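A.B. asks: Quick one: sequence and predicted model below, then my questions.
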Amino acid sequence: MDSGLLKEDAKSKLSGNWPKAALVTFIIWLITDAFTQEAFVEFSSSGNTVVNPGSGIFSLVSLVVAGPLAIGVVYFYMKIESGNDPNVTLIFDGFQDFQRGFIYHVVSTIFIILWTLLLVVPGIIAAIRYSMGYYIMVENPDVTAMEALRESSELMKGHKMDFFIFVLSFFGWLLLSALTLGIGFLFLVPYYQMSKLNFYRKINGDSRLGYDDFYKM
């Protein structure tokens, strides 16, 4: 698995679509992460426990909408992949498939947390195992969320280390993005998302025009 080729192809596909992809990244962040915190309970400087109800509300909203939005993001990048001009509002089309997106997000999150409680490494493996589920659901409307979990796990057999190395290849860009006070993430996230879609195509044995010649390079 040559991560460099996947990433080069991603940059080529994103050409002309970077502004829209950056806007999508900002909208997703604004809805799911901007107003949430790691915990519902904070500790004040005096040592007293302070409950932050606003944090809890926004975290609950994030939990509810994250899955459908993830499906919408897949729609968006698959539209770019097909050579069409995507509309930013496409990310909200995932709410038409709300049930599957919500269930997949909640169940996969629970599984990942449970494995992480054992050790960090099993948690990472679980996250990798379930990383392809949204693509599977988008391309297979009849597949349930639970079936997508199983199919993602099956698809990633033999490719977990490939995906781990693939993710690590973005580490340098991650550091640079952090140094820009987060602005760089507006471009790093689209770069990663498009590359990840290429990864899915590769391990799924996609034979559509363009991929065969590209991956033989």
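C.D. replies: That came in fine, so what should we check first? Numbering: from 1, shown residues only.
A.B. asks: going forward, measure contacts and count neighbours with C-alpha atoms only.
C.D. replies: Will do.
A.B. asks: tell me which strands and helices the top helix by length along the chain is in contact with?
C.D. replies: In the chain, taking DSSP state H as the definition, the longest helix is helix 53-81. When contacts are defined as 3 or more Cα pairs under 8 Å, 6 or more residues apart in numbering; DSSP states H and E, helix 53-81 sits against helix 3-14, helix 18-32, helix 98-118, helix 133-139, helix 185-203.
A.B. asks: Look up phi and psi at residue 177.
C.D. replies: When read as degrees, to the nearest 10, the backbone of residue 177 gives phi -60, psi -40.
A.B. asks: Residue 106 contacts residue 60, doesn't it?
C.D. replies: No. Under the criterion of Cα atoms under 8 Å, residue 106 makes no contact with residue 60, lying 11.3 Å away.
A.B. asks: Pull out the buried residues from stretch 69-83.
C.D. replies: Residues 69, 70, 71, 72, 73, 74, 75, 76, 77, 78, 80, 81 are the ones in stretch 69-83 that count as buried (16 or more other Cα atoms under 10 Å).
A.B. asks: Contacts for stretch 92-99, please.
C.D. replies: By Cα atoms under 8 Å, 6 or more residues apart in numbering, the list of residues contacting stretch 92-99 from outside reads 67, 68, 69, 70, 71, 72, 73, 75, 101.
A.B. asks: Go ahead and confirm the fourth one touches residue 135.
C.D. replies: No. Judged on Cα under 8 Å, residue 70 makes no contact with residue 135 at a distance of 9.5 Å.
A.B. asks: for residue 183, what are its contacts?
C.D. replies: residue 177.
A.B. asks: Can you check the pLDDT for it?
C.D. replies: Listed pLDDT for residue 183 reads 91.
A.B. asks: Likewise for residue 36?
C.D. replies: For residue 36, the predicted pLDDT is 61.
A.B. asks: now do the one 5 residues further on
C.D. replies: As predicted, residue 41 sits at a pLDDT of 39.
A.B. asks: Equivalent analysis for residue 57, please.
C.D. replies: pLDDT, residue 57: 65.
A.B. asks: distance of residue 15 from residue 187?
C.D. replies: To residue 187, residue 15 is 12 Å away according to Cα to Cα, to the nearest Å.
A.B. asks: From the neighbour counts alone, determine which of those two ranks first.
C.D. replies: Legend: neighbour count by other Cα atoms under 10 Å for residue 15 and residue 187, higher for residue 187 (19 against 10).
A.B. asks: Not counting residues beside it along the chain, what's closest to the more buried one?
C.D. replies: The shortest distance from residue 187 to any non-neighbouring residue, by Cα to Cα, 6 or more residues apart in numbering, is to residue 22 (5.7 Å).
A.B. asks: And that neighbour, how far from residue 169?
C.D. replies: Separation of residue 22 from residue 169 (Cα to Cα) stands at 20 Å.
A.B. asks: residue contacts, residue 6?
C.D. replies: Applying Cα under 8 Å, 6+ apart, the residues contacting residue 6 are 195, 198, 199.
A.B. asks: And the closest residue to the last one other than its chain neighbours, how close does it get to residue 60?
C.D. replies: Of all residues not flanking residue 199 in the chain, residue 6 sits nearest, at 6.7 Å (Cα to Cα, 6+ apart). Summarising the geometry, the distance separating residue 6 from residue 60, computed by Cα to Cα, is 35 Å.
A.B. asks: Equivalent analysis for residue 127, please.
C.D. replies: Residue 127 sits 21 Å away from residue 60, going by Cα to Cα.
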